[in-house]
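> Predicted model and sequence follow; I will ask about them next.
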Amino acid sequence: MKNSQTVAKPASRGDRAFDVVNYILLGIVLFVTAYPLYYVLVASFSDPFKVYAGQTFLLPAGFSLSGYQRIFMDASIVKGYLNSLLYTVVGTSISVGLTCVSGYALSKKTLPGRRGMMLILLFTMYFNGGLIPTYLVVRDVGMFNTLWALVLPNAVSVYNLIIARTFFESNIPDSVLEAASIDGSSNTGTMLRIVMPLSTSIIAVMTVFYAVGLWNNWFDALIYLTKSDMAPLQLVLRNILIKSQATSNMMTGMDANYAEKQKVTEMIKFASIVVASVPMLIIYPFVQKYFSKGVMIGAVKG
């Protein structure tokens, strides 16, 4: 009896060369992308003087945890960390909810004025009132010095809304919605009990997009918050990175000479970057598998 299994054709020389070139290019891209993050991590555990001397290319030099110790000694950084977590959780919940509800509504071909609404939304992607009118609105509606000033003005991204709308159009069969309607389900019930459970991929993508934006947001806090105890971590971090200042608590127990102060400031800079990046680095691996499905579907149809 003849063997019915198909023998795989060996790769040609051109295919092997193509694979080798691809691996080399991807390796270069990986190195260029990942090494700066790795360098900051290594530098955060190293003596700043040895960092400047170029002795931390691959491994820490003069291992020290002083930067991390001084970060968590300072109440403003700990408070800023907690503030950022609060703003990110609340803001992401509101943004994802509004985006999903709006995207589902705009995906309904029976919605009156759907095309006009999309044109208005697209217009806002390229034109807006500017900083001063936005500031006046936030102040006059009473959101100044509240977390709502950070989460409501930019609660919905039109780009994310288009991706969500396209996802609902492409992945939720009309027959399912019709069956739910025949069974007596309302639009709200259909969305909550049928559409949302089938849309975990796009919800995960929207969650990451909004969470990263809110976590890294410092400019809105700089404009709308004047109370120092409400400052998010990124604003506190900005004062360290841009102004190169360390708080008085961080300098406790140190000699007053400039070189030592600069040394501690540099250690705090690197450690602060690592501390600020950890939450997003933890979240991303859990939702990465949804990106190819959630984002690419939104790019196929518009």
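Now that the structure is in, tell me what you want to look at.

> can you tell me which residues contact the residue nearest the centre of the chain?
Central residue of the chain (CA atoms, centre = their mean): Val212, 1.5 Å from the mean position. For Val212, the contact set (CB atoms under 8 Å, 6 or more residues apart in numbering) comprises Met280. C-betas here are computed from N, CA, C, even on glycine.

> now the helices for the stretch 1-150 of the chain?
With DSSP state H, counting those that start in this stretch, the ranges of helices along the stretch 1-150 of the chain come out as 13-44, 48-52, 66-73, 75-107, 114-126, 131-140, 148-151.

> worst average pLDDT in those?
Per-stretch mean pLDDT for those is lowest at helix 48-52 (a mean of 75).

> hang on, Leu59 packs against Val42?
Yes. Leu59 lies in contact with Val42 (CB atoms under 8 Å); the separation is 6.7 Å.

> Of these two, which one has the most company?
Using other CB atoms under 10 Å as the criterion, Leu59 and Val42 rank with Val42 on top: 18 against 10.

> List the buried residues in the strand or helix carrying the residue nearest to the centre of the chain.
According to DSSP states H and E, Val212 maps onto helix 200-215. Within helix 200-215, the residues that count as buried by 16 or more other CB atoms under 10 Å are 201-215.

> Specify the angle between it and helix 75-107 in degrees.
For helix 200-215 against helix 75-107, the angle by axes from the mean of the first three to the mean of the last three CA atoms, to 10 degrees is 140 degrees.

> Following helix 200-215 in sequence, what is the next regular element?
Downstream of helix 200-215 (by DSSP H and E), the next one is helix 219-224.

> Can you tell me what sits against that following helix?
Contacts of helix 219-224 (CB under 8 Å, 6+ apart): 131, 135, 138, 143-145, 149-150, 153-154, 230-232, 234-235, 238.

> The residues you listed, buried ones only, as a ChimeraX selection?
Per 16+ other CB under 10 Å, the buried members of the contacts of helix 219-224 correspond to this ChimeraX selection:
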select :135,138,143,149,150,230,231,232,234,235,238
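
> For the contacts of helix 219-224, work out which two are farthest apart.
Maximum pairwise distance among the contacts of helix 219-224 (CB to CB): 21.7 Å, between Met143 and Arg238.

> just to revisit the earlier point, to the chain's geometric centre, what's the distance from the helix holding Val212?
Computed by CA atoms, centre = their mean, to the nearest Å, the chain-centroid distance of helix 200-215 equals 7 Å.

> One more: stretch 29-49?
Once both centres are worked out by CA atoms, centre = their mean, stretch 29-49 turns out to sit 20 Å from its chain's centre.

> next one: stretch 186-197
Relative to its chain's centre, stretch 186-197 lies at 27 Å (CA atoms, centre = their mean).

> try stretch 124-142
For stretch 124-142, the distance to the chain centre is 23 Å (CA atoms, centre = their mean).

> before we move on, back to that, would you tell me which one of the buried residues of helix 200-215 comes nearest to Ser186?
Of all those, Ser186 sits closest to Ile203, with 20.9 Å by CB to CB.

> Help me confirm that that closest one comes into contact with Ser95.
No. At 11.3 Å, Ile203 and Ser95 do not qualify as touching, with contact defined as CB under 8 Å.

> Render the CA-only coordinates of stretch 208-226 in PDB, please.
Taking C-alpha atoms only, stretch 208-226 is exported to PDB below (Å, rounded to 0.1, in the frame of the first residue of the first chain):
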ATOM      1  CA  VAL A 208      -5.500  49.000  26.800                       C
ATOM      2  CA  PHE A 209      -5.700  52.000  24.500                       C
ATOM      3  CA  TYR A 210      -7.500  54.200  27.000                       C
ATOM      4  CA  ALA A 211      -5.600  52.900  30.100                       C
ATOM      5  CA  VAL A 212      -2.200  53.700  28.500                       C
ATOM      6  CA  GLY A 213      -3.400  57.200  27.500                       C
ATOM      7  CA  LEU A 214      -4.800  58.000  31.000                       C
ATOM      8  CA  TRP A 215      -1.800  56.500  32.800                       C
ATOM      9  CA  ASN A 216       0.700  58.600  30.800                       C
ATOM     10  CA  ASN A 217      -1.400  61.800  30.900                       C
ATOM     11  CA  TRP A 218       0.200  64.600  32.700                       C
ATOM     12  CA  PHE A 219      -0.700  67.700  30.700                       C
ATOM     13  CA  ASP A 220      -4.400  67.800  31.600                       C
ATOM     14  CA  ALA A 221      -3.400  67.400  35.300                       C
ATOM     15  CA  LEU A 222      -0.900  70.300  34.900                       C
ATOM     16  CA  ILE A 223      -3.700  72.500  33.500                       C
ATOM     17  CA  TYR A 224      -6.700  71.500  35.500                       C
ATOM     18  CA  LEU A 225      -5.300  70.500  38.900                       C
ATOM     19  CA  THR A 226      -3.700  73.000  41.300                       C
END
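
> Since that was my last question, I'll sign off now.
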